[in-house]
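Participant: model this:
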Amino acid sequence: MKQSLFNLWVVLALLAFACKKGTSPSPSLPNISINDVTQPEGNGGTVNMDFTISLDAAASQDVSVSVSTKDGFAKVNEDYQPFNQTITLKAGERSKKISIVIVADDIKEGEDDFIVTLTNAQNGSISDGFGQALINNDDTKIPVTTAGYTSPTSYPGMQLVWSDEFNGTSLNTNDWNYDLGDGCGDGNCNWGNNELQYYTDGQNLSFSGGNMIIEARKEAKAGKNYTSTRLTTMGKRSFKFGRIDMRAKLPRGQGIWPAFWMLGNSYRGTPQVGWPGCGEIDIMEFLGHEESKVHSTIHYKFGTGARNNTAFINTTAPIPNEYHVFSLEWKQDYMRMLIDDKEIAVYKPLDLGITDHPFNNPFFFLVNLAVGGNWPGAPNATTYFPQWYFVDYIRVFQ
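Facilitator: Down below sits the predicted model:
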């Protein structure tokens, strides 16, 4: 019995010694992190964006980590050059700089971003493995292209009675007005659609390459988080019947809502009928998250309320990729909307049961770029700003 107890004691002692030896503390691993960097893009060639990989304590052995880049709004090879390397900090080193090449140009852009990621640490533990790279725009040039559909400059039996080719350097205020603010000053808060933008009186409008350019920006103004432009010809230019063409290149993105439309003169005329009794003709409405669909609609008063009839057409390619021509053929009791001379819809008000419809009266133009609203919804993390609505021309034939 004594021998058995002695043998058991020896076994337990050996096990205790082995456990103690196995749990002896090893040197702690340093924490590895990378910083965030913000800097201007530059105006040509390439510039370096420098990041620092840091250890919170010096290591007694080499520490390595894999470093790679991932697109945000910035695109690899377009805005920056890819980086995919293993970086080693020698024993005793606390930090190491890496440089990622930024591709600079003179084109106006938004705040482009990408991520620098740390993975696969050896002899270290990653405590902050994401470095945000933010490239600030420092340019003013808006890129203007020309590709896309172009409409004729004349039609049989019709003549051009008015046009704006937007070849100048400023808005022709003999023809156009700015609608300003959030609509509340006219009792139409958020423009009746819960829109999110504040319309300015020229800060979001420019002219280049024979285009009028409406710019939607993500910026704070008068309690709103976005700014844009809304133009009308109310009280200056109105038309009744004919063929109307607008050539434009549309913006894209969730919450982006460009339109080309008309309201009857009686909206604010004498007598003032207001909406919907004045009538509304939406030649083109586009929701930036539905890139291959364009809508045309008419709004009118029916009984004591408002009613609309709407239609859309799907295209084979994304509409914002190039210019299109949005048209209205308009005559007595008849409206036909088109894109690139392809029919979107035909509306015959008498067939809709509107015996006292307003669509045989003069109407004026509206061109605007809304942000958010009941129909498209608000912008989200995928929405890139600024967005541009390029208008090449508007022509009226009768």
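
Participant: Can you tell me, leaving aside adjacent residues, what's nearest to Tyr149?
Facilitator: If the residues on either side of it in the chain are set aside, Tyr149 comes closest to Asp340, at 4.3 Å by C-beta to C-beta, 6 or more residues apart in numbering. Where you see a C-beta, it was placed from the backbone N, CA and C, and this is true even at glycine.

Participant: residues contacting the one you found?
Facilitator: 149, 324-325 (C-beta atoms under 8 Å, 6 or more residues apart in numbering).

Participant: just Pro40 next, same as before
Facilitator: Neighbouring residues of Pro40 by C-beta under 8 Å, 6+ apart: 135-138.

Participant: so Met158 touches Phe397, yeah?
Facilitator: Yes - Met158 is in contact with Phe397 according to C-beta atoms under 8 Å; the separation is 4.1 Å.

Participant: mind listing what's buried in the helix or strand where Ala220 lies?
Facilitator: Using DSSP states H and E, Ala220 falls within strand 211-221. Neighbour-count burial for strand 211-221, with 16 or more other C-beta atoms under 10 Å as criterion, is recorded at 211-218, 221.

Participant: One more: stretch 368-383?
Facilitator: 368-373, 376, 379, 383.

Participant: Report the residue ranges of every domain in the protein.
Facilitator: Domain segmentation of the chain under automatic domain parsing yields 31-136, 160-397.

Participant: Leaving out chain neighbours, which residue sits closest to Gln122?
Facilitator: Excluding its sequence neighbours, the residue lying closest to Gln122 (C-beta to C-beta, 6+ apart) is Ser64, at 4.5 Å.

Participant: Work out for me the element the one you found sits within.
Facilitator: Here Ser64, judged by DSSP H and E, is contained in strand 63-71.

Participant: Give the partner strands of that strand in its sheet and their orientations.
Facilitator: strand 84-89 (antiparallel), strand 112-122 (antiparallel) (DSSP bridges).

Participant: Dump the ones you listed into TSV; add mean neighbour count as well.
Facilitator: Shown next, in TSV, are the strands paired with strand 63-71 (neighbours: other C-beta atoms under 10 Å):
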stretch	mean neighbour count
strand 84-89	14
strand 112-122	18
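
Participant: quick one: which of those strands is nearest Ala345?
Facilitator: For the strands paired with strand 63-71, proximity to Ala345 was assessed by C-beta to C-beta; strand 112-122 is nearest, at 39.1 Å.

Participant: following that closest one, which helix or strand comes up?
Facilitator: strand 125-128.

Participant: now what about that following strand, what contacts it?
Facilitator: Contact with strand 125-128 is made by 29-34, 56, 65, 118-119, as judged by C-beta under 8 Å, 6+ apart.
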